[in-house]
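> Sequence and predicted model, in that order:
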Amino acid sequence: MADQSEYTELIELILSGNRIAYGELYEKTIQDVYRNVYFLLENKSDVDDVIQDIYIQAYKSLKKYDSNRQFKPWLMGIAMKQIQSYRRKRWRQLRIAKKVEKYQQGMVLDIADDIIDKIDNKHLVSLVESLPYKLKQVIILRYLNEYSQEDVAKIIGIPIGTVKSRISAALKKLRQHGYNSHPILLEKVRNA
Amino acid sequence: MDLENRLTESLQKKGKEIVPSPVLKKVVMYHIYKIEGGSNMKKRIIISVLAVLLLIPTTGFAYQVLLSDDLYGSFEHLKRQVASITMDKYIQFNMKLSQAKGELGEEEYENFTKLLKVVTSSKLEYGDEYGNVDYEQLSSEKATEIKQAMMVVQPYYDKLNGVRSSKEILTSQEFNQYIEALMTYETIMAKSEIDTSKGLDRTKIPEELREEFIKAQEFISYVDEKLQQDQ
């Protein structure tokens, strides 16, 4: 895992016009960014498009990056903004294509079917995936990335109190539906 | 285990299964190069992948051709891509291949592949497992021979990549420096034992080689940009 000084060095190179260095920055961060986007997008076939937007935006914003800040959370903040704008754009299409979307969503949840011994984990992940977006977002940032509540607040740009209440609402919802529950409950969570 | 721990465990476990395709990097970098001034980067990337593919059927072994852009990852990736190639893609590649042939003309194409083999066979013979050659380990005659071949092959790459010939655009001194930078880059990769299929891990480059590495990288970057502006 790259440390902050390494990011700072790479960013200096990029800002001096060395674009190959941006390829390196990409390599160092893509795994994490990709996973987050993957979890947060309902339509997985759009993940690659959003990733492109994120890295283009990050490249353009790099001059504004304050090196006193940790780089990873900064990048994650850009990722969250891009996902947000994707969701806005998508909203209209979503209304029209709601039925299609639902069908595709069902398909996506079945992707990792070959791993039999993971059923419980898998089920929990699908419960998380079917949470309302704002709750899912805090859960992913907090538990997939293990960011502190303060970092989560900075990344999304909301007060820490809101982060706390969203996390507790999300946990409550997950508990309520039970992570060992029958898949039928997925529908309930999704429609809640 | 409580819910919070289980969430961390199951999300991270699932997260490990989610891996981006290596092609995505090429697409992102294509956009990055496009940001200032339009370019033919996309074409360039396709052709550079192609140049490597050209050689597979004859040897059954994918080896990396170092092109000036971000191809260093392709040695392993390509093997994976080739293994996972679908019929559709196969046909697509075939079409690209004939297009390249068309663009160069029969005679030039043959000449190109012949010269390309001089460069790539050196990689097979002297390259590490990732296809990078430490040119400093070779005899000076051998290194010069390969350098000469690279100097002839490079303009062909450029042509296939849809940019003007680097040999024409750069001064002869710059062109010489460019080829040397490409070789230095590879040498440092080999010396640092970097698995270029996993991208470039800068921390693995020994301190004493850093400055030389950055210089080579900057020059390659400079040429890349120049080639794309001078369409």
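Nice, thanks for sending it over. Numbering: from 1, shown residues only, chains lettered A, B, ... in the order given.

> what residues go with each domain of chain A?
A:1-102, A:112-192 (automatic domain parsing).

> Just name the shakiest helix or strand of chain B by mean pLDDT.
helix B:56-59 (a mean of 31; mean pLDDT, DSSP states H and E).

> which residue ranges form the helices in chain B?
B:3-17, B:22-35, B:41-53, B:56-59, B:74-83, B:87-104, B:106-126, B:140-160, B:166-169, B:172-191, B:207-229 (DSSP state H).

> Tell me which stretches of chain A form helices.
So, for chain A - with DSSP H - the helices run A:4-15, A:20-40, A:47-61, A:71-96, A:98-109, A:119-129, A:133-139, A:149-156, A:160-177, A:184-191.

> in the shortest one, what counts as buried?
Okay, so that is helix A:133-139. A:135-139 (16 or more other Cβ atoms under 10 Å in any protein chain shown). C-beta coordinates here come from the backbone N, C-alpha and C atoms, glycine included.

> Can you list the low-confidence ranges for chain B?
Applying pLDDT under 70 to chain B picks out residues B:1, B:36-103, B:113, B:116-117, B:120-121, B:123-124, B:130-131, B:159-163, B:196-200, B:228-231.

> mind running it again at 50?
B:37-96 (pLDDT under 50).

> just chain A next, same as before
A:101, A:103-118, A:179-180, A:182-189, A:192.

> what do you get if the cut-off is 80, keeping everything else the same?
Within chain A, the ranges that satisfy pLDDT under 80 run A:1-2, A:91-120, A:177-192.

> who wins for proximity to residue B:33 among the domains of chain A?
domain A:1-102 (6.4 Å; Cβ to Cβ).

> Does chain B have contacts with that closest one?
Yes: using Cβ under 8 Å from any Cβ of the partner chain, domain A:1-102 reaches chain B at A:2, A:6, A:9-10, A:13, A:16-24, A:26-28, A:30-31, A:34-35, A:38-39, A:48, A:51-52, A:55-56, A:59-60.

> Narrow the residues you listed to just the buried residues.
By 16+ other Cβ under 10 Å, the residues of domain A:1-102 next to chain B give A:2, A:6, A:9-10, A:13, A:18-24, A:26-28, A:30, A:34-35, A:38-39, A:48, A:51-52, A:55-56, A:59 as buried.

> export the helices of chain A to a markdown table and tack on distance to residue B:203?
Output for the helices of chain A, formatted as a markdown table (distance: least, Cβ to Cβ, whole Å):
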| stretch | distance to residue B:203 |
| --- | --- |
| helix A:4-15 | 6 |
| helix A:20-40 | 10 |
| helix A:47-61 | 21 |
| helix A:71-96 | 15 |
| helix A:98-109 | 36 |
| helix A:119-129 | 33 |
| helix A:133-139 | 32 |
| helix A:149-156 | 24 |
| helix A:160-177 | 33 |
| helix A:184-191 | 43 |
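
> Of all the ones you listed, which one is nearest residue B:191?
Of these, nearest to residue B:191 by Cβ to Cβ is helix A:20-40, at 17.8 Å.

> Could you list every helix and strand that that closest one packs against?
Judged by 3 or more Cβ pairs under 8 Å, 6 or more residues apart in numbering or on different chains; DSSP states H and E, helix A:20-40 is in contact with helix A:4-15, helix A:47-61, helix A:71-96, helix A:133-139, helix B:3-17, helix B:22-35, helix B:207-229.

> Please point out which parts of the last one sit buried.
This points to helix B:207-229. So for helix B:207-229, counting by 16+ other Cβ under 10 Å, buried means B:213-214, B:216-228.
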